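Q: Just the structure for this:
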Amino acid sequence: MKRVYPNKDYCIGCHLCELACVTAHSKSKDLIIAFREERGKDGLSPRKRVFESGDISVAISCRHCDEAACVAACIAGGLRKDPETGRTVYDRDRCVGCWSCLMACPYGAIRRHPLESKIVKCDLCEGREGGPACVAACPNQALKYEER
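A: From the prediction side, this is the model:
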């Protein structure tokens, strides 16, 4: 299965991956409208986060683990593995906001939704042609979408 792999040696901490993620998941698909208008009232937030420590930065998102701890921890069935694609799929209608998945994820890749008792996690820009928006936006190729 193809996944997004970060490379901290190439990441310059520009956060363009976060902006691309917000735009890809917005209603407008417009960077300015998504950032200025939709982000605040719709609770739109990136599914990827750039962590920085000194001169080192790296973009982290869901790794869609083969044996995902978040899926095992989910008490409501809001997270499951898709047997065909291998993706860790989130069903927001089943999510009860218990945050068990947040605590179980070894990468810290699952976040609380800013306005609702739900989670936000990478969906690999499902349905987007050309793969994840974050990978396409990275100016330094610090993110690779590939099978390893």
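
Q: Residues in contact with the lowest-mean-pLDDT helix or strand in the chain: which ones?
A: Ranked by mean pLDDT, DSSP states H and E, the weakest helix or strand in the chain is helix 39-42, scoring a mean of 76. Contacts to helix 39-42, defined as CB atoms under 8 Å, 6 or more residues apart in numbering, come from residues 22, 26, 27, 45, 115. For glycine as for every other residue, the C-beta is placed from the backbone atoms N, C-alpha and C.

Q: which stretches of the chain form strands?
A: Taking DSSP state E as the test, the strands found in the chain are 3-6, 49-53, 56-60, 79-81, 88-90, 111-112, 119-120, 143-146.

Q: Tell me which other helices or strands the second one touches.
A: In terms of contact count using 3 or more CB pairs under 8 Å, 6 or more residues apart in numbering; DSSP states H and E, strand 49-53 is assigned the packing partners helix 16-24, strand 56-60.

Q: So which of these is the most surrounded?
A: helix 16-24 (a mean of 22; mean count of other CB atoms under 10 Å).

Q: what's the angle from that helix to strand 56-60?
A: 30 degrees (axes from the mean of the first three to the mean of the last three CA atoms, to 10 degrees).

Q: re the thing from before, and the helices and strands packed on strand 49-53: which comes nearest residue 69?
A: strand 56-60 (15.2 Å; CB to CB).

Q: And that closest one, what does it pack against?
A: Right, strand 56-60 is packed against strand 3-6, strand 49-53 by 3+ CB pairs under 8 Å, 6+ apart.

Q: Tell me which of the ones you listed is the most buried.
A: When the helices and strands packed on strand 56-60 are compared using mean count of other CB under 10 Å, strand 3-6 is most buried, at a mean of 20.

Q: Lovely, talk soon.
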